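Student: could you work out the structure for the sequence below:
(2 chains, ligands or ions: 3)
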Amino acid sequence: MSVTVSWQRDHIRAVIRLHKDKPGALLPVLHAIQHEIGYIPDNVVPLIAEEMRLTRAEIHGVISFYHHFRSHPTGRHVVEICRAEACQATGCRQLEQHAKNTLGIDFEQTTPCGSVTLEPVYCLGNCATGPSIRIGNQIYGRVTSDRFDALMDTCRDSMQEAG
Amino acid sequence: MATRIFVPRDTTALSLGADQIAAGIQTEAIRRGLEIELVRNGSRGLFWLEPLIEVETSNGRIGFGPVTERDVVSLFDHDFQSGNTSHPLCVGEVEAIPYLKNQQRLTFARSGITDPVSLEDYCQYDGFRGLQNALHLSGQQIVDEVKTSGLRGRGGAAFPTGIKWQTVLDTPDPQKYIVCNADEGDSGTFADRLVMECDPFMLIEGMTIAGLAVGANQGYIYLRSEYPVAHDILNQALATAYENSYLGDNILGSGKAFHLEVRLGAGAYICGEETSLLESLEGKRGLVRAKPPLPAIVGLFGKPTVVNNVLSLAAIPYILDKGGQAYADFGVGRSRGTMPVQLAGNVKRGGLVELAFGMPLNQLMNEFGGGTASGRPLKAVQVGGPLGAYLPESQWDTLIDYEEFSSEQAVLGHGGVVMFDDTANMGEQARFAMEFCKFESCGKCTPCRIGSTRGVEVIDRIRASEAADNNWALLEDLCETMVDGSLCAMGSMTPIPVQSVMKFFPDELRHGRQE
Ligand SMILES: Cc1cc2nc3c(=O)[nH]c(=O)nc-3n(C[C@H](O)[C@H](O)[C@H](O)COP(=O)(O)O)c2cc1C
Ligand code: SF4
Ligand code: FES
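Tutor: Ligands and ions are numbered 1, 2, ... in the order given. Presented below is the predicted three-dimensional model:
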C-alpha cells in the first residue's frame, strides 16, 4: 500500500461516516474498512472510536472476537480451506496438508512472495460437492490436489500481471 | 423465437464452473448464428448433476449434467439447444428425474425453475399471494394461521413459530423487529443458502408477513460472511422489492410499512445462537445472553423481536397462500409440514431433498443419496451439524421427526445429513467436535470455554493410550459437566457427538491414532 497516511485517514473517516449512523453500526463499519484496506490497521481504531463514541477497548474487543476481521495485512489472495465435517468426509484434511506443503506455509500465514494467505474456514455451504475452498469471493468445489495447484497457478499469474 | 437455455448461478453451480459454461454457451451460439436466451436460474438442488444446464422445449425442460466448460462445443454439435437428447450428458426431462419427482416441495417449489431476481418469474409461480392475503388479515388472524400450520422453527430448537409470534404480538411496545437468522453455520447444511440464492423473494415475503403479523416495521437478515453469492443476490432482490412497493412505507398501497436490510456476520459460529446474533447485530461481541428474558420480549435494541431461521420464514408464504391446514396435512405426529433435508459429505447424489416428515433416514441416504460417493461402505452419519450425534448403522432407520431423533439421543437440527465411509476415523471426529467448540466458544461460561480445551487434551491422551481408562472416565465426567453447566447449547450439545463416538465407536477412540 503506497497511499499516504493523511489521505488514508480522511478516506477512512468518510467510510466510517457513511455507515456509523445505522443502528448497531460497528460491524458494517468494520466490514467497510476491511473491504477498503484489506484489514483493520491498529491505527484506524482510534478513528473509529472518535467517530462512533466508543472506547478503543470496545472496538478491539469486537475485532478480536470475529474470525473474519484481521489486524494484519494479507497476501494478494486469501485462500480459505473448509475444515468442517462434510468436507472432512471427502478428504479436506489431505487437501489441507497438500496446500500447506506446496505453499510452504501454515494457516494464518502468507507465502514469502506475498501472493497467498492461507486461512481455515468452517463450512462454505458447498457441502455436497466438497472439498471446498474460497479464494476472495469465489468458491470452488470438488477441489483435488491438482485443481488446487491449478488455482494457485492463476493466483501467481495475476500476481505477476499486477506486479 | 429464441431458445431459452438455463445455467444455474447458485454457489455450488458456480463452484463447479457455471459462469465459464454460461460464457462458453454465449460465444458458441454467436459463432453458430443461433438465437438463444440465456437465463441464470437458481439450482434445483440436485448437486451431483451441477452444473445442470437446461433447455426449454415443448416437452418440458431437458437437462444436461454435470457439464464442464469443455463439453459446450459438443453439446452444440449434438444440437442440444433444439432439445435433442443424444448427448451423453443428457438426463432427460429434469422434472422426471426420480430424485426430484419423488420430493414434496413446498418451500423449494420454485428453486431452480425461476431466475431468482426476476419479480416477474416469482409472481408467475404464485409469489406474493401469501402477502396479498395477509394484507387483508389482522395480526391475530395471521398468527392463528401459522399456529394451525404446526410449523416449528427449522433453525434447530424446533420451537413452535406461531407461539413465538403470539408472544411478540401480545407485547405492547410500538417498536418491534423481525430478525432472520441466516447464519447457517452447521456443516452439511445449505438449505438456507439455497432459499436466499434461488428464491430470495420468498424470504422477503415471509419476513414482511411476519412484520404484519406482530406489528414490526423493520427487519434484518443476519447473513454469514461465508455466503458472498447469497449476499449479492439478496441485495438485488431487496432493491427490486423496494422499487415495486413490496417493501417500504406503503406496501402495495396498503398504508402498511416494512423495511428490510441485510447485515453481514463476521465468521463466528456462535452468532447463529439467537441472543449472540442479537448482540452482534447491535455491533458488539457475540456473547450469549442469559434467558429469560426471551428475545420475543427483550430482543434487538431491547425491543420485542421475532428471531426465526430462513426456512421457518420461507415456509410462511405457502402457509398464508394455501392455508395453515394445507401445510399441517403433511408430516407425522408433532412434526408437521415438510423438512428440507440436505445430503452432504461422502454421498453419491448429494443435494436438497424436501419431504414431509416421517421418512426413514436410510431411505434418504440410499434411494436419494445413492450411498457413498467413494463406493465404500457407509460407516457413520452425522445429522444436525457439528453438535449432532454420529449415528451408527443400528440407528439408520430412525425416522425424520424431531421426537424420534430425541429418543435416539440424536438431533435433527437444521436437517444436515453428513455421510462418512469406512475410512473415517471416529476418534478424530470426536476430537474435532471438542476442537470446534474450543475454536467457536463465545467464552462466557467456564464449562464450555475451558471444558472444550480440556476435552481436546483428554481425547488426545485416550487416543495415545495414556492411562486410557482413567482418562475415559474423566471424559465422561467432563461431558456431563458441559451438558449440565453450560449457558447455551454450544457447550451443552458439544458432548453429543463425543458421547455418540464413545458409545458406538469406542475402539476407534481408544486405538484411533492413525497419524
Ligand atoms: C450454537 C448455536 C448455533 C446456532 N446456529 C443457528 C443457525 O446457524 N441458524 C439458525 O437458524 N439457528 C441457529 N441456532 C438456533 C437459534 O438459537 C434459534 O433457535 C433459531 O434462530 C430460532 O429460529 P427458529 O425458531 O425459526 O428455528 C443456533 C443455536 C445454537 C445454540
Ligand atoms: S456454552 Fe459456550 S458458547 Fe454458550 S454461553 Fe457458554 S461459553 Fe458461550
Ligand atoms: S463442510 Fe465444507 S462447505 Fe460445508
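
Student: spatially nearest residue to residue 126, not counting backbone neighbours?
Tutor: Let's take chain A. A:Ser132 (4.1 Å; CB to CB, 6 or more residues apart in numbering or on different chains). (C-beta placed from N, C-alpha, C; glycine too.)

Student: try again with chain B
Tutor: B:Asp321 (6.3 Å).

Student: now B:Gln26
Tutor: B:Leu38 (6.1 Å).

Student: test my guess that that neighbour contacts B:Thr27.
Tutor: No. Between B:Leu38 and B:Thr27 there is no contact under CB atoms under 8 Å: 11.1 Å.

Student: show me where the chain dips below the pLDDT cut-off.
Tutor: All of this refers to chain A. For chain A, the stretches flagged by pLDDT under 70 are A:1-7, A:157-163.

Student: hmm, no, I was thinking of chain B.
Tutor: For chain B, the stretches with pLDDT under 70 are B:512-515.

Student: residue ranges of each domain in it, please.
Tutor: Domain segmentation of chain B under the TED database yields B:3-102, B:120-329, B:331-421, B:426-510.

Student: just put these in JSON lines and tack on mean neighbour count and distance to A:Glu108.
Tutor: Formatted as JSON lines, those follow (neighbours: other CB atoms under 10 Å in any protein chain shown; distance: least, CB to CB, whole Å):
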{"stretch": "domain B:3-102", "mean neighbour count": "19", "distance to A:Glu108": "24"}
{"stretch": "domain B:120-329", "mean neighbour count": "22", "distance to A:Glu108": "13"}
{"stretch": "domain B:331-421", "mean neighbour count": "22", "distance to A:Glu108": "21"}
{"stretch": "domain B:426-510", "mean neighbour count": "20", "distance to A:Glu108": "13"}
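
Student: can I get those domains in JSON lines with distance to A:Cys127?
Tutor: Converted to JSON lines, those look like this (distance: least, CB to CB, whole Å):
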{"stretch": "domain B:3-102", "distance to A:Cys127": "9"}
{"stretch": "domain B:120-329", "distance to A:Cys127": "5"}
{"stretch": "domain B:331-421", "distance to A:Cys127": "4"}
{"stretch": "domain B:426-510", "distance to A:Cys127": "15"}
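
Student: by proximity to ligand 2, which residue of chain A wins?
Tutor: The minimum distance from chain A to ligand 2, using CB to the nearest ligand atom, falls at A:Phe65 (11.4 Å).

Student: burial measure for the residue nearest to A:Asn126, as a count.
Tutor: Neighbour count for A:Ser132, taken as other CB atoms under 10 Å in any protein chain shown: 29.

Student: grab the nearest non-local neighbour of the closest residue to chain A within chain B.
Tutor: Of all residues in chain B, B:Gly350 sits closest to chain A, at 2.8 Å by CB to the nearest CB. Nearest non-adjacent residue to B:Gly350, counting by CB to CB, 6+ apart: A:Ala128, 2.8 Å away.

Student: name all residues that make contact with that neighbour.
Tutor: Residues near A:Ala128 by CB atoms under 8 Å, 6 or more residues apart in numbering or on different chains: A:86, B:12, B:47-48, B:190, B:342-344, B:347, B:350-351.

Student: checking it next. Helix, strand or coil?
Tutor: Under DSSP: H, G, I helix; E, B strand; the rest coil, A:Ala128 falls in the helix class.

Student: that one and ligand 3: what is the separation?
Tutor: 8 Å (CB to the nearest ligand atom, to the nearest Å).

Student: same check on A:Phe148?
Tutor: Counting by CB to the nearest ligand atom - A:Phe148 and ligand 3 are separated by 14 Å.

Student: repeat that for B:Leu131.
Tutor: Distance, B:Leu131 to ligand 3, using CB to the nearest ligand atom: 32 Å.

Student: got it, and B:Leu119?
Tutor: For B:Leu119 relative to ligand 3 (CB to the nearest ligand atom), the value is 31 Å.

Student: tell me the secondary structure at the residue nearest to that residue when sequence neighbours are not counted.
Tutor: Nearest residue to B:Leu119, sequence neighbours excluded (CB to CB, 6+ apart): B:Thr240, at 5.4 Å. Counting by three-state DSSP, the backbone at B:Thr240 sits in helix.

Student: tell me the contacts of residue 86?
Tutor: If you meant another chain, say so; for now it's chain A. A:123, A:127-128, A:130, B:187-188, B:344-345, B:416, B:418.

Student: wait, I meant chain B there
Tutor: So B:Ser86 contacts B:78-79 (CB under 8 Å, 6+ apart).
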